[in-house]
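Asks: fold the stuff below for me.
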Amino acid sequence: MPHAQALIGSTAPEEDTGDTIFVLGHLGRFLGNQGTVAMAAGYLDRCLTGCVRMLGPDHPGTLASRDNLAGAYESEGNLREAIRLYRAALADRERVLGAEHPDTLTSRNNLAYAYRSAGNLDHAIPLHEATLSDRERVLGPEHPDTSTSRNNLAAAYASAGNLRRAIPLYKAALADRERVLGLDHPDTLTSRNNLAGAYRAAGDPVQAIPLYEATVADFERVLGPDHPKTLTSRNNLAGAYEMAGNLRRAIPLHKATLADRERVLGPDHPSTLTSRNNLAAAYEMAGELGQAIPLHESTVADCERVLGPDHPDTLMSRNNLAYAYWLAGDLGRAIPLHEATLAARERVLGPGHPHTLSSRYNLAGAYESAGNLRQAIPLYKATLAAYKRMLGAGHPETQAVRASLRRARGRA
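Replies: Numbering: from 1, shown residues only. Below you'll find the predicted structure:
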């Protein structure tokens, strides 16, 4: 990598050659996979500029470069710019390659995924459904890209709280990958992990935990104990233990995963920061606020430095720190931080994103704790209406908000 960076640094962008552009593209994708997203976006932006100049705006290489840059912006948390670029890449591929070209279908899948990341499920789900249908017709029901679409549609249903549709689709995707790719293929193991995650989201640790445990063992055997996917699976298992209230198993596993990610990926990798946040949350659940709060504070500072103040992961860390302050009874610090996080999420993610709704609910709870019911009740009402619209009246999160609103009204 130092040689590639030296080559790029010795050449002005307007003098980039085909070789320089090739290096820029590969280096940008490598850095993106390593979590160095800001640098990756810079290289991929320069790569796209060079492709347009040397190959023309409609060359397949240029279209692929635009899609890659959109992916870097998505990883960076800049979802507005990512969606704008994905839409442009899709329109260009439809015009140049045709609506049914595999690369066009990939662009459609990527745009749907970005909409889901932005919480825009009204756009994401129909686009995932259409892409799955097209891939089944054009590529066949057993093509790996078709299986990916099936998995992504299941994830979109899960994001919408529609686990009755998500779980059967995850099961179908897993069965297809086991049959086509084999039991030990990394994509098959990923499908197994995703199905376990859906069971966890459904509040079913009895099915989630054994599936996570089997997936961790398979990842360790197939990819090795230090592979990033193995570490992700281990992190997810720790989260399932935590959800089941088994903190004696969750906390040591979170600590071990954090140590492994710091060693393998580095202390500033986004996945390492996620592990640090998760360990803090587990301490919080165990009532160990003296350990949780300093860890939350350092994670917020690291996320702001590495990812930027507006990255969704930074906003998640900030929300978690505010919640920890609230649990500690420090409303003087909790409320302003909840207010700032809500404002940032509304601006970055949009008012209807699930994370924005979570911030609104948390701020309402903090206001209620402070006895400020005039501000708490309208926030509870707005959050309840949004959850009913997005998740349905019977969803557990909707019911929790309804109970909070009833309690606050009873105190008014």
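Asks: which element is residue 81 on?
Replies: Assigned by DSSP states H and E, residue 81 belongs to helix 79-96.
Asks: contacts for that helix next, please.
Replies: 57-58, 60, 63, 66-67, 69-71, 73-74, 101, 103-104, 107-108, 110-111, 114-115, 117-118, 312, 348-349 (Cβ atoms under 8 Å, 6 or more residues apart in numbering). All C-beta spots, glycine's among them, are computed from the backbone N, C-alpha and C.
Asks: go with 7 Å
Replies: 58, 63, 66-67, 69-70, 73-74, 101, 103-104, 107-108, 110-111, 114-115, 117-118 (Cβ atoms under 7 Å, 6 or more residues apart in numbering).
Asks: go on, stretch 267-284?
Replies: In this structure, residues lying in contact with stretch 267-284 by Cβ under 7 Å, 6+ apart are 35, 228, 231-232, 235, 238-239, 242, 247, 250-251, 254-255, 257-258, 261-262, 265-266, 291-292, 295-296, 299, 302-303, 306-307, 313, 317, 320, 324, 327.
Asks: where does this protein have low pLDDT?
Replies: 1-11, 15-16, 26, 32-37 (pLDDT under 70).
Asks: most centrally placed residue in it?
Replies: Centroid-nearest residue in the chain, with Cα atoms, centre = their mean: residue 117, separated by 6.4 Å.
Asks: any idea how far that residue is from residue 124?
Replies: 9 Å (Cβ to Cβ, to the nearest Å).
Asks: surely residue 177 touches residue 190?
Replies: No - contact criterion Cβ atoms under 7 Å: residue 177 and residue 190 do not qualify, at 8.3 Å.
Asks: if you count surrounding residues, which of those two has more?
Replies: residue 177 (25 against 20; other Cβ atoms under 10 Å).
Asks: how is this structure carved up into domains?
Replies: 182-257+270-290, 340-411 (the TED database).
Asks: dump the ones you listed to JSON lines, plus distance to residue 78.
Replies: Output for these, formatted as JSON lines (distance: least, Cβ to Cβ, whole Å):
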{"stretch": "domain 182-257+270-290", "distance to residue 78": "14"}
{"stretch": "domain 340-411", "distance to residue 78": "9"}
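Asks: nearest to residue 161, out of these?
Replies: domain 340-411 (3.6 Å; Cβ to Cβ).
Asks: got a list of what the residue lying closest to residue 370 once chain neighbours are set aside touches?
Replies: Leaving aside its chain neighbours, residue 370 sits nearest to residue 331 (5.0 Å; criterion: Cβ to Cβ, 6 or more residues apart in numbering). Neighbouring residues of residue 331 by Cβ under 7 Å, 6+ apart: 366, 369, 370.
Asks: how about residue 168?
Replies: By Cβ under 7 Å, 6+ apart, no residues touch residue 168.
Asks: ok, it to residue 185 distance?
Replies: Taken as Cβ to Cβ, the span from residue 168 to residue 185 is 21 Å.
Asks: likewise for residue 158?
Replies: For residue 158 relative to residue 185 (Cβ to Cβ), the value is 22 Å.
Asks: pick out whichever of those two has more residues nearby.
Replies: residue 158 (21 against 15).
Asks: quick check, the more buried one in contact with residue 165.
Replies: No - using Cβ under 7 Å, residue 158 is not in contact with residue 165, being 8.7 Å away.
Asks: now the helices: where do they sit in the stretch 251-400 of the chain?
Replies: Listed in chain order, the helices of the stretch 251-400 of the chain (DSSP state H, counting those that start in this stretch) span 270-285, 289-306, 312-327, 331-348, 354-369, 373-391, 396-411.
Asks: how far does stretch 291-310 sit from the chain's center?
Replies: 17 Å (Cα atoms, centre = their mean, to the nearest Å).
Asks: distance from the helix holding residue 81 to the middle of the chain?
Replies: Helix 79-96 has its C-alpha centroid displaced from the chain centroid by 20 Å (Cα atoms, centre = their mean).
Asks: cool, and stretch 376-389?
Replies: The answer for stretch 376-389 is 24 Å, by Cα atoms, centre = their mean.
Asks: quick thing: my sequence starts at 35, can you match it?
Replies: Yep, numbering from 35; the last one is stretch 410-423 now.
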